[in-house]
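Asker: Got a predicted model here, sequence first, then my questions.
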Amino acid sequence: MVSYKWFSFLNKLALIGNFFFILCVIAHFSSHQFPQFITGFALIVGLILSPIVNIVVNFSLVYFILKNIKGLVPAWQSMVNMGFLLLQLLYFFIF
């Protein structure tokens, strides 16, 4: 039996990155000044790491669905990550 713990880890990492993406979007449209260390970390994780991990997670999810491997992560977590990937693509190509 093959272990898919890496997929669970990447899914959780993508979820954390998605929260930093939201923080970056809020900072973009807000006039409030955040501390520099928070802004820098949020930009790296939210705008660079999160889309890359989301793409890997969602392509892996499609592969697992096609191979009929289910139950690796909760369905809500996969749906949230897929929704955030769509939001990220819209954000990068519109703004």
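Answerer: Yep, that arrived.

Asker: residue contacts, K70?
Answerer: F64 (C-beta atoms under 8 Å, 6 or more residues apart in numbering). No exception for glycine: its C-beta is placed from N, CA and C like everyone else's.

Asker: so how far is A42 from it?
Answerer: Separation of K70 from A42 (C-beta to C-beta, to the nearest Å): 34 Å.

Asker: check which helix or strand covers the residue nearest in space to the middle of the chain.
Answerer: The centroid of the chain falls nearest to A14 when counting by C-alpha atoms, centre = their mean (3.5 Å). In this structure, A14 sits in helix 5-29 according to DSSP states H and E.

Asker: Only the buried residues of that helix, if you could.
Answerer: 7, 10-11, 13-15, 17-18, 20-21, 23-25, 27 (16 or more other C-beta atoms under 10 Å).

Asker: can you put those residues in a markdown table and add distance to L61 and pLDDT?
Answerer: Listed next are the buried residues of helix 5-29 as a markdown table, based on distance: C-beta to C-beta, whole Å; pLDDT from 0 to 100:
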| residue | distance to L61 | pLDDT |
| --- | --- | --- |
| F7 | 8 | 94 |
| L10 | 10 | 95 |
| N11 | 8 | 95 |
| L13 | 14 | 96 |
| A14 | 10 | 96 |
| L15 | 13 | 95 |
| G17 | 16 | 96 |
| N18 | 15 | 96 |
| F20 | 21 | 95 |
| F21 | 18 | 96 |
| L23 | 24 | 91 |
| C24 | 24 | 91 |
| V25 | 23 | 91 |
| A27 | 29 | 88 |
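
Asker: how about low-confidence regions in this protein?
Answerer: Within the chain, the stretches with pLDDT under 70 are 1.

Asker: Which parts of it are helices?
Answerer: Ranges of helices in the chain, per DSSP state H, are 5-29, 36-43, 50-66, 75-94.

Asker: Would you confirm that N11 contacts N81?
Answerer: Yes - counting by C-beta atoms under 8 Å, N81 is a contact partner of N11 at 6.4 Å.
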